[in-house]
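A.B. asks: Turn this into a structure:
(one chain, ligands or ions: 1)
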Amino acid sequence: MEHVSPRKRIQDLRKKLDEHNYRYYVLADPLVSDFEYDRMMDELIRLENEHPEYFDPASPSQRVGSDISREFTQVRHKYPMLSLGNTYSREELAEFDKRVRKAVPAGYDYVCELKYDGVAISLTYEEGVLTRAVTRGDGEKGDDVTLNVKTIRSVPLRLKSEGYPSLFEARGEILMPRAGFEKLNEERRRRGENLFANPRNAAAGTLKIQNSSIVAGRPLDCIVFGMMGEGLPHELHYENLLSAGEWGFKISGHTRKCSSLEKVYDFIDHWQEHRTDLPFDIDGVVVKLNDFRLHRKLGYTAKTPRWAIAYKYSAERAATKLLSVDFQVGRTGAITPVANLEPVPLAGTTVKRASLHNEDQVKQLDIHEGDTVFVEKGGDIIPKIVGVDTGRRSKGSRPVEYAVKCPACGTKLTRLPGEAKSYCPAQNTCSPQILGRIEHFVSRRAMNINMAGATAKLLVDNGLLSNVADLYRLKANDLEQLERFGRKSAQNLVRSIEESKSRPWNRLLYALGIRFVGETVAGKLAAAFPSARQLMDADKEQLLGVDEVGEKIAGSIASYFSVGSNREIIEKLSEAGVTMEQDTSLEQPSVGKLKGKKFVISGSFSRHSRDQLKLLIGQNGGKNVSAVSSNVDYLLKGESAGPSKLKKASELNIKVITEDEFEQMLEG
Ligand code: IVH
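C.D. replies: Below you'll find the model as predicted:
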């Protein structure tokens, strides 16, 4: 075989991969199979690793991403990233055209484009190579997200063809097509992660991930809608876009040159009707003057160009009939009212159910049985009811009655003061709550037990699980009796449950699903109370001494542990061998040195974090308090301690001690 130098082979592979990328992601017309593509990419990465001297930031291998995370740096835009004036009405659009005509009596063309609902991006190219990608930020400066943007296959890393200026910026929108968005959310749902509300949020969230190899796996796309810089090939926007297409950018095939306002209206009408046929979301149409000379002539207001305007489609709304209202019980026992509707098409899907949020909302809408209601799809996942057509209400119809009993178990609902939602208090006997608690307990960020939601339901329905402690009593033999379980899957589940026993105490605390105790609060609590026993015995004042814990959280924790069946579950988890304390092998708690003494901590310290100090105080029998008052014994003063706290301490004659003195107290 003819010998090819590594350098030549690397160049060859880069060229081929670039071309395949372009055909696949920009033209949607691939030439080779995914397998073939992956094989070439693997070979390129191997050769580049063997020959770092040929490193090239524009190599297609750079799209795979890296897991080295780094904070985004802020970059000032060379040309500020402006926004567009908005209108929702034809009259305003006609006024815009009038203003244009006044300034430009001769003929002029508009360019009509879709208004992509994603995230604006500025791409800088130097000598045809992508050197920087920056978000809009505040318009003056944005985040440098180059590494993440390099993973987007429709963004050329090196331009094709010729005629591009040696330095210019391409401006465009990064978006996530709806299909990819739905798949991503489906995966997140399966893994028990938070869902993105819409494709725009998913695109924005993805761009801000500090690990470009995760970004590389997300289905982002980028459409270019403008260029800035000196030496562009034309003085015309539309013609420049065509050049951009030749250089390898993805430009929209829907952009149209329109020689009259009538044609602009036609474009608007067409996409108003067909927007849901597009694979991605748009929220309107952008109308721009084509001629750059007219851009300069018309100029800018403080924030927007006078030569362009966005015509926005209003949030889609539909009227339909309310059939009934269901009350759903969530994992924490929160009740959500959900309206069942006569199916109605709205923004590309058929809506059959919509959220009514909570009791106050139902009251405020004064919604009656059989009412005609307005449904809107906003930025939320679930459509919502935004109003009632009272004109079409039938005589004698009765207001919707809000649930007073749990729809699942019949227990009387409670509503805490200041809370919008009512709750079913039967945490350990109400079946959706049992299932919900188990699903939360096993979820990835909690105990990370490999058990699907359907399995949890099967086990609950068959009476094998009635609380989370029962998990640790499951035997492979019992599971095998159930249909759908083979020997292997039964053993896998039991093994995964066994492994979960060693999760740290803070994860267990989060997994218990105590209302208002999310991951962060669980972490803080576990640091302050290094064992379940200590947390269970803590009084309210001690709880309030923990960072981020206020009345609401303290009350929820106290009420959780005041329930006998909850304490029993903790007992059973402990008997099963689940980790219930922080690894304290390094600590030697000496009891009672600070017995009964109350401390206020202020400022920052050189050898301990504030949470560690709180922990030490608690472990030694002292108490943490947040405010200086006459019954406080010590103010533990660190660097930049609060001046008002110091002043108060001195007024009340409270002893102020340093970190050194505190350590001496513990030793002495
Ligand atoms: S042109 C000076 N064209 O809308 C005008 N913007 O409010 C620069 N957008 O931040 C923008 N599609 O992210 C333009 N075809 C399009 C657009 C578009 C979406 C976004 C863009 C910008 C915002 C302007």
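A.B. asks: Of all the residues in the protein, which one is nearest the ligand?
C.D. replies: Ranked by Cβ to the nearest ligand atom, the top residue of the chain for proximity to the ligand is A120, at 3.0 Å. C-beta: built from backbone N, CA, C; applies to glycine.
A.B. asks: Would you mind giving the secondary structure of that residue?
C.D. replies: Classification of A120 by DSSP: H, G, I helix; E, B strand; the rest coil places it in strand.
A.B. asks: Check the gap between it and I223 for me.
C.D. replies: Separation of A120 from I223 (Cβ to Cβ, to the nearest Å) stands at 11 Å.
A.B. asks: Overlap of the contact sets of the two?
C.D. replies: Common contact partners of A120 and I223 (Cβ atoms under 8 Å, 6 or more residues apart in numbering): G172, E173.
A.B. asks: Flag every residue of this structure that's near the ligand.
C.D. replies: When proximity is defined as Cβ under 6 Å from any ligand atom, the chain approaches the ligand at 82-84, 113, 115-116, 120, 136, 173, 225-226, 286, 305, 308, 310.
A.B. asks: Can you flag the buried ones in those residues?
C.D. replies: Among the residues of the chain next to the ligand, the ones that count as buried by 16 or more other Cβ atoms under 10 Å are 82, 84, 113, 115-116, 120, 136, 173, 225-226, 286, 305, 308, 310.
A.B. asks: Please flag which of the residues you listed sit within strands.
C.D. replies: Among those, the residues falling in strands (DSSP state E) are E113, K115, Y116, A120, E173, F225, G226, V286, A308, A310.
A.B. asks: what's across from the fifth one in the sheet?
C.D. replies: In other words, E173. Beta-bridge partners for E173, by DSSP bridges, are A120, I223.
A.B. asks: ok, now which ones touch it?
C.D. replies: Applying Cβ under 8 Å, 6+ apart to E173 gives the contacts Y116, G118, V119, A120, I121, C222, I223, F225.
A.B. asks: so what pLDDT did the residue lying closest to the second one once chain neighbours are set aside get?
C.D. replies: Same thing as G118. Nearest residue to G118, sequence neighbours excluded (Cβ to Cβ, 6 or more residues apart in numbering): L175, at 3.1 Å. At L175, the predicted lDDT confidence score is 97.
A.B. asks: Can you get me a residue count around L175?
C.D. replies: 26 (other Cβ atoms under 10 Å).
A.B. asks: For it, give its distance to T151.
C.D. replies: In terms of Cβ to Cβ, L175 sits 15 Å off from T151.
A.B. asks: Repeat that for S83.
C.D. replies: Going from S83 to T151 by Cβ to Cβ gives 27 Å.
A.B. asks: rewinding a little: next up, phi/psi of the residue nearest to G118, please.
C.D. replies: With angles defined as degrees, to the nearest 10, L175 sits at phi -140, psi 160.
A.B. asks: is it true that it touches I223?
C.D. replies: Yes. Between L175 and I223 a contact is recorded at 7.1 Å, counting by Cβ atoms under 8 Å.
A.B. asks: Give the intersection of the neighbour lists for the two.
C.D. replies: Common neighbours of L175 and I223 (Cβ under 8 Å, 6+ apart) are Y116.
A.B. asks: Could you export stretch 492-504 as PDB, CA atoms only?
C.D. replies: Output of stretch 492-504 as PDB, limited to C-alpha atoms (Å, rounded to 0.1, in the frame of the first residue of the first chain):
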ATOM      1  CA  ASN A 492     -29.600  -6.600  39.200                       C
ATOM      2  CA  LEU A 493     -32.300  -4.700  41.100                       C
ATOM      3  CA  VAL A 494     -31.400  -6.300  44.400                       C
ATOM      4  CA  ARG A 495     -27.700  -5.500  43.800                       C
ATOM      5  CA  SER A 496     -28.400  -1.900  42.900                       C
ATOM      6  CA  ILE A 497     -30.500  -1.500  46.100                       C
ATOM      7  CA  GLU A 498     -27.700  -3.100  48.100                       C
ATOM      8  CA  GLU A 499     -25.200  -0.700  46.600                       C
ATOM      9  CA  SER A 500     -27.300   2.300  47.600                       C
ATOM     10  CA  LYS A 501     -26.800   1.600  51.300                       C
ATOM     11  CA  SER A 502     -23.400   3.300  51.100                       C
ATOM     12  CA  ARG A 503     -24.800   6.700  49.700                       C
ATOM     13  CA  PRO A 504     -23.700   9.500  51.900                       C
END
